[in-house]
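Visitor: give me a model of this one.
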Amino acid sequence: MNRVWTEESRWFGLAFLVLAIYLSPLFILQENAHIRVHDNLDSNIAWYKVLANSGQMFGSIHGVIPQIINGLPRNAFGTEYSGIVWLYAFFPTMTAYSFSQLITRAIAFIGMYLLLKKHLLPGRQWLPYQIGTALAFALTPFWPSGMLSTLGMPLALWAFLNIRSRESSWKDYAVLTLLPFYSSFVLGFFFFLSAMGAFWLSDALRKRKVNGPFLLAIVYMTGLYLLVDYRLVSSFLLKGEPNSRDEYFHASLPFWRAVRLTFKNYFFGHTHDMTVHGFILLPVTFIALYFVIKNHSWKQDRVFVFLFFLNFLLSAWYAFWFYKGWLPLTKRFHFLDTFNFARYHFLSPLVIYADFALALKIVASQRFSWTKSAKWLAFGQILMLFLFNDEIVYHQKPTVKEFYAEELFSEVRNYIALPQKEYRVASIGIHPAIAQYNGFYTLDTYNNFYPLVYKHRFRKIIAQELHRNNVIRRYFDQWGGRCYLFTSQLGKRYMIKKDSKRHLKNLQLNTVELKKLGGRYIFAALPIDNAIENHLKLEKVFQSKQAAWKIYLYKVM
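Guide: Sure, this is the predicted structure:
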């Protein structure tokens, strides 16, 4: 027993050392680190800072945040009972980000290890595969603001399976109680809990017996999520003014494009739950399936086979959610457009890595040479994930310091020399989150939930530009989450660095409408050749060695 614990503790120590090395760039470099821009620097991180400074952390469900679009609904920033919100409220940006990464990855490792050890891959002989798979799972490049929305699922499943088998303890209920405070219901656990409900129902039908504790545990965790995410519940259930999601239309793909998207997702995954599974994990599961067929071990390896095909079904569901064949239903039931049911793909990381562990067991069980190969495959996946470290993947993107360019925007603020709340700005060629992060009141924004009437008013400013470019017109009209000053020339490019030699030509903005909304300045990443025609006056050009951008400050005349 003592020797087993010592062996396990060694593996644990090695795993946490690897995690520490993986995360070290964040803690060492801080603001000089390179991290994800999409749905991270361009949005969530700025949101946390705006919320912390707004005085609306505990604002009412009818409250607004004046800094964004003349009054963004407080509910658009989610619940105040989320742990990540408080990290950003108490710590500097990169300290909060680094701690969030550490918390999420450590719990992801522990959760997957416990799930494999107790339920999917029990036995001392499988310890290297338990640790190796759990570590690989913890290193996946998850969406940072999702926290434990996907990476917490193995820990939740471990707790539910303990309760299902009537071997529960206080630890299981502690897990179900604490996870809702560091994860999202709508961005992960709604889909996990509905899957648990289907699992419970299949149990009841097969065994013709109701497992009360299991059902109550599902109801308990669901109820807790609804309480924590009460803002989301109120926004969804209470009839209020129409919002931007009322013009979201998802069912647009023809059949063969949906088929293509199925295989694209199956082999490469999704940006919000990347698993980096196409190079090693997927081939290993196919090799394991070959051995299952060869050895006729369908019954013995039924969990592996189930997860293997479930992985493909999740990709198919994701892709075909966008199939235009849904249109008759979406027209009749509007909530099918406002709620993204394609997100069942958030179950994929759990499914893929659990199946990988079982595949390693099947491969290692064949003969000695395969046993050594299985260990190297697990190591290879960990090494592969190191190559997907943010510092490597985003090394050509701006650092956090360069992206938010606080020194540069401080110069802009001092030049304007007015209280920021007394005027409104909008940006061209850079994300409005940058101005928001620096305290400016913006007319443009990136939010999935804001008043539809505002979207229509803002559209008047860019109507002519949208008319000249069908890509941005469809992007804005059929979604509109990015309420940006789009231009037909730049399209969906909004990270124009300071070394660009381009000019904005033939720009056609309705600055009369911009001024009606309170717009007084435009932060442009490029010079506007026909500024006078657009009733814009170039005030000054700002640049800094510490900033990724050059800002052409235009005043609306």
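
Visitor: need the strands for the stretch 201-350 of the chain, in chain order.
Guide: Taking DSSP state E, counting those that start in this stretch, the stretch 201-350 of the chain contains no strands at all.

Visitor: tell me, what residue is most central in this structure?
Guide: Compute the mean C-alpha point of the chain, and by CA atoms, centre = their mean the closest residue is W143, 3.7 Å away.

Visitor: excluding its backbone neighbours, what's nearest it?
Guide: H272 (4.4 Å; CB to CB, 6 or more residues apart in numbering). All C-beta atoms are positioned from the backbone trio N, CA, C, and that covers glycine.

Visitor: S427: which element?
Guide: strand 424-428 (DSSP states H and E).

Visitor: what average pLDDT does that strand get?
Guide: Mean pLDDT, strand 424-428: 97.

Visitor: how about stretch 275-289?
Guide: The model assigns stretch 275-289 a mean pLDDT of 92.

Visitor: quick check: buried residues in it?
Guide: Under the neighbour-count criterion of 16 or more other CB atoms under 10 Å, stretch 275-289 has 275-277, 280-282, 284-285, 287-289 buried.

Visitor: then stretch 506-522?
Guide: For stretch 506-522, by 16+ other CB under 10 Å, it's 507, 509-511, 513-514, 517, 519-522.

Visitor: and those as JSON lines, adding secondary structure?
Guide: Listed next are the buried residues of stretch 506-522 as JSON lines, based on DSSP: H, G, I helix; E, B strand; the rest coil:
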{"residue": "L507", "secondary structure": "coil"}
{"residue": "L509", "secondary structure": "coil"}
{"residue": "N510", "secondary structure": "coil"}
{"residue": "T511", "secondary structure": "helix"}
{"residue": "E513", "secondary structure": "helix"}
{"residue": "L514", "secondary structure": "helix"}
{"residue": "L517", "secondary structure": "coil"}
{"residue": "G519", "secondary structure": "strand"}
{"residue": "R520", "secondary structure": "strand"}
{"residue": "Y521", "secondary structure": "strand"}
{"residue": "I522", "secondary structure": "strand"}
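
Visitor: any idea how far L358 is from E8?
Guide: Separation of E8 from L358 (CB to CB, to the nearest Å) stands at 20 Å.

Visitor: which one's more surrounded, the two?
Guide: L358 (25 against 16; other CB atoms under 10 Å).

Visitor: what helix or strand is the more buried one on?
Guide: Counting by DSSP H and E, L358 is part of helix 348-364.

Visitor: give me the mean pLDDT for that helix.
Guide: 94.

Visitor: begin at 50, not 1, for the rest of this chat.
Guide: Renumbered: residue one is now 50, and that last one reads helix 397-413.

Visitor: hey, C-alpha coordinates of it in PDB?
Guide: Only the C-alpha atoms of helix 397-413 are listed here, as PDB (Å, rounded to 0.1, in the frame of the first residue of the first chain):
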ATOM      1  CA  SER A 397     -16.100  16.500 -27.000                       C
ATOM      2  CA  PRO A 398     -13.000  17.000 -24.900                       C
ATOM      3  CA  LEU A 399     -14.400  14.700 -22.200                       C
ATOM      4  CA  VAL A 400     -15.400  12.100 -24.700                       C
ATOM      5  CA  ILE A 401     -12.200  12.200 -26.800                       C
ATOM      6  CA  TYR A 402      -9.800  12.000 -23.900                       C
ATOM      7  CA  ALA A 403     -11.800   9.300 -22.000                       C
ATOM      8  CA  ASP A 404     -11.800   7.300 -25.200                       C
ATOM      9  CA  PHE A 405      -8.100   7.900 -25.700                       C
ATOM     10  CA  ALA A 406      -7.400   6.400 -22.300                       C
ATOM     11  CA  LEU A 407      -9.500   3.300 -23.100                       C
ATOM     12  CA  ALA A 408      -7.800   3.100 -26.500                       C
ATOM     13  CA  LEU A 409      -4.400   3.100 -24.800                       C
ATOM     14  CA  LYS A 410      -5.500   0.200 -22.600                       C
ATOM     15  CA  ILE A 411      -6.700  -1.800 -25.600                       C
ATOM     16  CA  VAL A 412      -3.500  -1.200 -27.500                       C
ATOM     17  CA  ALA A 413      -1.300  -1.900 -24.500                       C
END
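
Visitor: packing partners for that helix?
Guide: helix 142-164, helix 176-187, helix 197-200, helix 202-213, helix 330-344, helix 351-369, helix 417-435 (3 or more CB pairs under 8 Å, 6 or more residues apart in numbering; DSSP states H and E).

Visitor: who wins for proximity to A482 among those?
Guide: A482 lies closest, by CB to CB, to one member of the helices and strands packed on helix 397-413: helix 142-164, at 12.2 Å.

Visitor: one step back: quick one: the helix holding L407 to chain centroid distance?
Guide: What separates the centre of helix 397-413 from the centre of its chain is 24 Å, taken as CA atoms, centre = their mean, to the nearest Å.

Visitor: so it versus helix 351-369, what angle?
Guide: Counting by axes from the mean of the first three to the mean of the last three CA atoms, to 10 degrees, helix 397-413 lies at 140 degrees to helix 351-369.

Visitor: so what touches the strand holding S476?
Guide: 119, 481, 483-484, 489-493, 533-534, 536, 539, 543, 553, 563, 566-575, 577 (CB atoms under 8 Å, 6 or more residues apart in numbering).

Visitor: now stretch 281-297
Guide: Residues contacting stretch 281-297 (CB under 8 Å, 6+ apart): 110, 122, 124, 127-128, 234-235, 275, 383, 386-388, 496-502, 504, 526-530, 532.

Visitor: how does it look with 7 Å?
Guide: 110, 124, 234-235, 275, 386-387, 497-501, 504, 526-530 (CB atoms under 7 Å, 6 or more residues apart in numbering).

Visitor: now P500: phi and psi?
Guide: Main-chain torsions, P500, degrees, to the nearest 10: phi -60, psi 130.

Visitor: contact partners for it?
Guide: 290, 292.

Visitor: what's across from it in the sheet?
Guide: P500 has the following beta-bridge partners by DSSP bridges: N292.

Visitor: look up how far A484 lies from it.
Guide: 20 Å.

Visitor: same question, R59
Guide: Counting by CB to CB, the gap from R59 to A484 is 50 Å.

Visitor: quick one: contacts for the nearest residue to F126 once chain neighbours are set aside?
Guide: Setting aside the residues directly before and after it, F126 is nearest to L100 in space (CB to CB, 6+ apart), at 4.9 Å. For L100, the contact set (CB under 7 Å, 6+ apart) comprises 106, 126, 134.
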